[in-house]
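Predicted structure and sequence below. I'll ask about it afterward.
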Amino acid sequence: MSDALIEELRAALGERGVLLQPEDRVRYEQGWRYGDGVARCVARPATTDEVAAALRICARHGTRVVPQGANTGLVAASTPDTSGEMVVLSLERCNRTIELDERDRTVLVDGGVLLSQLNERLAEHGMWFPVDLGADPQVGGMVATNTGGTRLLKYGDVRHNLLGVEVVLGDGRVVSQLNRLRKNNTGLDVKHLFCGTTGVFGVVTRAVLQVAPKPAQRATALVGCRDGDAVLALLGAVEQHLGDVLSAFEVIGREALDAVLRHQPELRRPFDELPDYAVLVELSTTLPAGSLELDDVLEERLGAHLEEAGDAIADVLIGSSDEFWQLRHHISESLRSDGRMLAFDVSVPRSSLPAFTARVRDLLAAEHAFVRLCDYGHWGDGGSHLNLLWNDGDVADEAAFKAALQDRIYELAVREFAGSYSAEHGIGPHNQRFYDSYTDPAVKRLCSVLGVHCDPNRVLGTARLY
């Protein structure tokens, strides 16, 4: 059967620009953790003009579009629904431009460029884009979701490092604000309309990013802490005395670390008896080792804190950065192998993290004693990955059980602890109902005004911000 929409997309994008066959579409239709739909086709424009043409065609036909980067998101926002009517708009072919201005320390980059590609090019000049992740997303997707990562404490998130954007609106209009200015106080900063809004206002096709010099040296320690309060005391000490060089403060709960060591036998066990929390403290600097020995600085400061903290600190290990980071980076895959799992990405004020985690434990002990809490995360910026695990057969109706747990945990995080139900992953079908429940109606009305202008036909995305 003839499909006028697809014929028009083929005419605009070429044969390579449109994928129709199920075997070609499948990797675009399945998300990394959530999201499993069916696309009408996959449109793969190679330039901003082609993105604009594709969106004009879809808007004219009233066809909904889901923008997709590397499809590494965790809230099902980058995959189509099950209707078979949505067009997946993949930016993977928009990946040609990486223009570095070394003196300005900025880079103009296409939205489809992978983070790994960008950093490989920047490394040739002793620089990097320091939003550090376990995944390998595209730049456009990183802007759309305001990616954070493990070194947000030092470098900030994407929003902090974003200077300019080029965006195609839902009806094909192009907004190009590709300035390289760090200071520009002349009214509305347009780029912030598109950073962190999950692509529902427009598709990011190019961005200007500020980049950082690569560190000349790093020093890393793994510190065993008795409880959450000991973790916060350690954080306060290292920020007070080492704040200029502190680049990461990652926390691994005992249950999460135990899972890593059981499922990754090649990794060395760092503690004879696992503490309640293992804290990865990383320092980094562009100063060469001859000017400042970071290992010595870290050892001296942690030694002083050990004397002050007493038995609140179980052990301090200073050693291989790669070895300690391997423990951190293997958590997700180890937990996935450890039972049925429901994962939460939440944030609360840093000072509330011990109390919040304790409340979750108490709730589980009282109502679902068979569920284990395995937590880890970026306590330096208030982020916690709460992973709830149970064995096959423990739950009869798993979908209902997960929904009830989400309601309870998010209610705690948002209402009782003034936190967020989505610290890093944005809004998508997986957590849409919590956006609907918790977002201020005034914010929704403002989003509606913006949405009507940016996407008048409401064709973009699967998230509903208004």
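Here it is on my side, so go on.

going forward, measure contacts and count neighbours with C-alpha atoms only.
Noted.

neighbours of Pro215, just the number please.
Residue crowding around Pro215 was assessed by other Cα atoms under 10 Å; the count is 15.

check contacts around it.
The contact partners of Pro215, by Cα atoms under 8 Å, 6 or more residues apart in numbering, come to Ser284, Thr285, Thr286, Leu287.

If we use 10 Å, what do you get?
Applying Cα atoms under 10 Å, 6 or more residues apart in numbering to Pro215 gives the contacts Gly126, Met127, Trp128, Leu283, Ser284, Thr285, Thr286, Leu287, Pro288.

out of the residues you listed, which are inside strands?
Assigned to strands by DSSP state E, the following of these qualify: Met127, Trp128, Leu283, Ser284, Thr285.

which one of the residues you listed sits closest to Ser90?
Of all the ones in strands among the contacts of Pro215, Trp128 has the smallest distance to Ser90: 25.1 Å, by Cα to Cα.

For Val211, see how far away the closest one is.
6 Å (Cα to Cα, to the nearest Å).

Looks like Arg336 contacts Leu389 (just checking).
Yes. With contacts counted by Cα atoms under 10 Å, Arg336 reaches Leu389, the gap being 8.9 Å.

These two: which is more packed in?
Leu389 (19 against 15).

Show me what the one helix or strand Gln406 maps to is packed up against.
Under the criterion of DSSP states H and E, Gln406 resides in helix 398-411. Packing partners of helix 398-411 (3 or more Cα pairs under 10 Å, 6 or more residues apart in numbering; DSSP states H and E): strand 340-347, helix 353-367, strand 383-390, helix 432-438.

So for Arg25, which of the ones you listed sits nearest?
Arg25 lies closest, by Cα to Cα, to one member of the helices and strands packed on helix 398-411: helix 432-438, at 25.0 Å.

Go through that closest one and flag the buried ones.
Using 16 or more other Cα atoms under 10 Å as the test for burial, helix 432-438 gives Gln432, Phe434, Tyr435.

so what sits against both of Arg336 and Leu389?
Residues touching both Arg336 and Leu389 comprise Leu342, Ala343, with contact defined as Cα under 10 Å, 6+ apart.

got the contact list for stretch 439-456?
With Cα under 10 Å, 6+ apart as the criterion, stretch 439-456 contacts 59, 168-173, 175, 193, 197, 200-202, 435-436, 457-458, 460, 464-466.

now, which of those residues lie within strands?
Using DSSP E, the contacts of stretch 439-456 in strands are Val168, Val175.

Mind giving me the PyMOL command for buried ones among the contacts of stretch 439-456?
Selection of buried members from those for PyMOL, criterion 16+ other Cα under 10 Å:
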select buried, resi 59+168+169+170+171+172+173+175+193+197+200+201+202+435+457+458+460+464+465+466
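
In helices, which of the contacts of stretch 439-456 appear?
Among the contacts of stretch 439-456, the members falling in helices are Ala59, Tyr435, Asp436 (criterion: DSSP state H).
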